[in-house]
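Asks: Provided below are the primary sequence and the corresponding predicted coordinates.
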Amino acid sequence: MTEKVRVRYAPSPTGFPHVGNIRTALFNWLFARHHKGSFIVRIENTDVARTVEGAVEAILGGLRWLGMDWDEGPDVGGDYGPYFQSERLKLYQAAAKQLVEQGDAYYCYCTPERLDEMRAEQIRLKQPPGYDRHCRQISATNNVLKLISGSRRVIRFRTPMEKQTTFTDYIRGEVTFENAKIDDFILLKSGGYPTYHLASIVDDHLMQISHILRAEEWLSSTPRHLMLYKALGYKLPQFVHLPMLLGADRSKLSKRHGAVSITEYQTQGYLPEAMMNFLALLGWSLDDKTEIISRKDLIDNFSLKRVSQTAAIFNREKLDWMNGVYIRNLSSGDLTRRVIPFLERELPPEVKRPISVEYVEKIIPLIQERIKKLEEVAGLTDFFFTGELDYQPDLLIVKKMNRELAGKALETSLLKLRRLPAFDEESLETMLRPLAEELELKTGQLFGTLRVAVTGRAVAPPLFQTMIALGKERCISRIKRAIAILKEMPEETDSE
Ligand code: GLU
């Protein structure tokens, strides 16, 4: 690539940061980083009515979380700013004015009522929708008169009515649109705000954008943009329309398919590096098989040549699997550090804060293999933190045992446990295995009863390691309590 790569991510702050939109940002970012170019963030906030409070922060927060830094844009500035379109209105107004003066655009005075009637009539006559060019021929004199009378007006583009507009998209190849099918679209609204089409091309030109990587849904806007480029004498960038993102049922990825905001993925405990890896594979591939790709390898290998034409499917099971792989590859210290905020958030309020890092680090290896998202950790480990356990008493009576046997098993274990000189895996092993035999129980029965006594659950991480992490004192007091619970149970409680 001879020309310097300058790409932009141009979100409209009209809602939460959709993962599809973040995928677009990622492809731009990877492309910029691969070519040592510039990644620019431009906030397209000219649709005042649809602007949502907090959306800019959520979008930028999503980028930061994923580690996608920007060279120009909000917070960092740059030579081509401002990077909020609402601060660039004069530039769009000047371009619109230039187009009017050249005869490529015209003032339109149609009232909303007239436009509504026009639309209704088009529907009745089964005509294609679009502006009927009512004001296209208004003379300069009449314009002046209307201006004096204070009529509200917009500026529309004078779209050529014959021939075709053709361009080569990097992914789609040659694309052709019939000019006659494109109506005289609005460039500048009556309040002086530009439409997306005008603002986007003026900025892409002024910010010297070399490649426009954006979602396929914008392909149909591109002929309008090309007409504007031509009329304004701007140099064309390379267009790259990225494949659509679909849900598992092959319909456009939306809330119906579950979480679609990048913030939700962060909240659920996906790791940013797993998320980046996953998003990168939505429409791009390294080869035919590699799934786990580090950030560095993504940057080193990203190329438009391997962006696919076919739609990408957002497969949640794959994301969960991938997150699990990344989680298992973390050191226990690193995983602990990342899990702590989730525990702080999700453990019951009675658990003392701040949560001890040292203690969590002991617990983490017990569950690291099993978790797919960090938000699962609290539910799997809360018994490590809570004081008194809350469980169904009959859980203590595991398969083929009865109240008496369970009680005896716990009492003998308690006795031996108290006398145990060291509280480690080996001592527990050498004490508890022969004990099962002595009590004429299967190890599963003894361990099962003990597991419920110390964790309150029938399913928990490996027993000895769990007991060690809990500590001898806590195990003893929980076993004591389990014995008391058994004593309070009605006589006939047996398990089949
Ligand atoms: N503001 C548009 C959006 O929200 C940008 C489209 C483009 O990249 O041209 O996606």
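Replies: Ah, there it is.

Asks: for the stretch 101-250 of the chain, what lies in contact range of the ligand?
Replies: Residues of the stretch 101-250 of the chain found near the ligand (Cβ under 6 Å from any ligand atom) are 200, 214, 218. For the C-beta atoms, the positions are set from N, CA and C on the backbone; glycine is no exception.

Asks: out of these, who's the most crowded?
Replies: Per-residue neighbour counts (other Cβ atoms under 10 Å) across these peak at Ser200, which has 26 neighbours.

Asks: look up phi and psi at that residue.
Replies: Dihedral pair for Ser200: phi -60, psi -40, per degrees, to the nearest 10.

Asks: for it, what are its contacts?
Replies: Counting by Cβ atoms under 8 Å, 6 or more residues apart in numbering, Ser200 touches 10, 44, 225.

Asks: and it, how far is that from Arg256?
Replies: 29 Å (Cβ to Cβ, to the nearest Å).

Asks: Leu298 contacts Phe278, doesn't it?
Replies: No: in this structure, Leu298 is not within contact of Phe278 by Cβ atoms under 8 Å, at 11.1 Å.

Asks: just checking, Ser285 touches Thr310?
Replies: No: applying Cβ under 8 Å, one finds Ser285 not in contact with Thr310, separated by 11.4 Å.

Asks: if we can go back for a sec, could I get the residues of the stretch 101-250 of the chain next to the ligand as a markdown table with pLDDT?
Replies: Formatted as a markdown table, these follow (pLDDT from 0 to 100):
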| residue | pLDDT |
| --- | --- |
| Ser200 | 98 |
| Arg214 | 97 |
| Trp218 | 96 |
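
Asks: take those residues and write them to TSV, including distance to Leu26.
Replies: Shown next, in TSV, are these (distance: Cβ to Cβ, whole Å):
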residue	distance to Leu26
Ser200	20
Arg214	13
Trp218	17
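
Asks: who wins on neighbours among the contacts of Ser200?
Replies: Ala10 leads the contacts of Ser200 on contacts (other Cβ under 10 Å) with 26 neighbours.

Asks: need the contact list for it.
Replies: 41-44, 200, 203, 214.

Asks: quick check: the gap between it and the ligand.
Replies: 4 Å (Cβ to the nearest ligand atom, to the nearest Å).

Asks: can you map out the strands along the stretch 151-300 of the chain?
Replies: 154-157, 164-169, 173-178, 186-188, 211-215, 238-242, 245-246 (DSSP state E, counting those that start in this stretch).

Asks: could I get those as CSV with distance to Asp79?
Replies: Below are the strands of the stretch 151-300 of the chain laid out as CSV (distance: least, Cβ to Cβ, whole Å):
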stretch, distance to Asp79
strand 154-157, 29
strand 164-169, 28
strand 173-178, 33
strand 186-188, 26
strand 211-215, 19
strand 238-242, 22
strand 245-246, 33
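
Asks: contacts for the least confident helix or strand in the chain by mean pLDDT?
Replies: Lowest on mean pLDDT, DSSP states H and E among the helices and strands of the chain sits helix 140-149, with a mean of 80. With Cβ under 8 Å, 6+ apart as the test, helix 140-149 has contacts from 107, 109, 138, 153.

Asks: quick check, nearest of the residues you listed to the ligand?
Replies: Taking Cβ to the nearest ligand atom as the measure, the ligand lies nearest Arg153 of the contacts of helix 140-149, at 24.9 Å.

Asks: looking at Ser285 and Thr310, which is more packed in?
Replies: Shown here are Ser285 and Thr310; by other Cβ under 10 Å, Ser285 has more neighbours (17 against 9).

Asks: what's near enough to touch the residue of the stretch 201-350 of the chain found nearest the ligand?
Replies: As assessed by Cβ to the nearest ligand atom, the ligand sits closest to Arg214 within the stretch 201-350 of the chain, at 3.5 Å. Counting by Cβ under 8 Å, 6+ apart, Arg214 touches 10, 24, 240-242.

Asks: what do you get if the cut-off is 10 Å, keeping everything else the same?
Replies: Residues near Arg214 by Cβ atoms under 10 Å, 6 or more residues apart in numbering: 7-10, 21, 24, 27-28, 200, 221-222, 239-242.

Asks: and Val454, by the same measure?
Replies: By Cβ under 10 Å, 6+ apart, the contact list for Val454 reads 383, 389, 460, 463, 466-467, 470, 474-479, 481-482.

Asks: the same query, at a cut-off of 7 Å, please.
Replies: 466-467, 470, 475, 478-479 (Cβ atoms under 7 Å, 6 or more residues apart in numbering).

Asks: Val52 now?
Replies: Contacts for Val52 (Cβ under 7 Å, 6+ apart) come out as 13-15.

Asks: can you count the residues close to Tyr359?
Replies: Neighbours around Tyr359, by other Cβ under 10 Å: 15.

Asks: next helix or strand past the host helix or strand of it?
Replies: According to DSSP states H and E, Tyr359 maps onto helix 357-367. Moving toward the C-terminus from helix 357-367, the next helix or strand (DSSP H and E) is helix 376-381.

Asks: how close does Pro129 get to Pro17?
Replies: Counting by Cβ to Cβ, the gap from Pro129 to Pro17 is 31 Å.

Asks: more neighbours: those two, which one.
Replies: Neighbours were counted for Pro129 and for Pro17 using other Cβ under 10 Å; Pro17 has more, 25 against 9.

Asks: from what I see, the more buried one and Gly62 are in contact.
Replies: Yes: when contacts are counted by Cβ atoms under 7 Å, Pro17 is listed as touching Gly62 (4.3 Å).

Asks: so where's this structure uncertain?
Replies: By pLDDT under 70, the low-scoring segments of the chain are 1-2, 492-496.

Asks: for the residue nearest the centre of it, which non-adjacent residue is closest in space?
Replies: With distances taken as Cα atoms, centre = their mean, Ile262 lies nearest the centre of the chain, 2.1 Å away. Among residues not flanking Ile262 along the chain, Gly62 sits closest, at 3.9 Å (Cβ to Cβ, 6 or more residues apart in numbering).

Asks: helix or strand for that neighbour, just tell me which one.
Replies: Per DSSP H and E: helix 55-66 holds Gly62.

Asks: run the contact check for that helix versus the ligand.
Replies: No: applying Cβ under 6 Å from any ligand atom, one finds helix 55-66 separated from the ligand by no less than 9.8 Å.

Asks: count the neighbours of Gly61 for me.
Replies: Counted with other Cβ under 10 Å, residues neighbouring Gly61 total 15.

Asks: doesn't Leu187 make contact with Phe157?
Replies: Yes: using Cβ under 7 Å, Phe157 is in contact with Leu187, at 5.5 Å.

Asks: what's the overlap in contacts for the two?
Replies: 99, 105.

Asks: just the closest of the contacts of Val52 to Ile371, please.
Replies: Closest approach to Ile371 among the contacts of Val52 (Cβ to Cβ): Gly15, at 30.3 Å.

Asks: how much space separates the closest residue to the closest one other than its chain neighbours from the ligand?
Replies: Nearest non-adjacent residue to Gly15, counting by Cβ to Cβ, 6+ apart: Val52, 5.5 Å away. Counting by Cβ to the nearest ligand atom, the gap from Val52 to the ligand is 12 Å.
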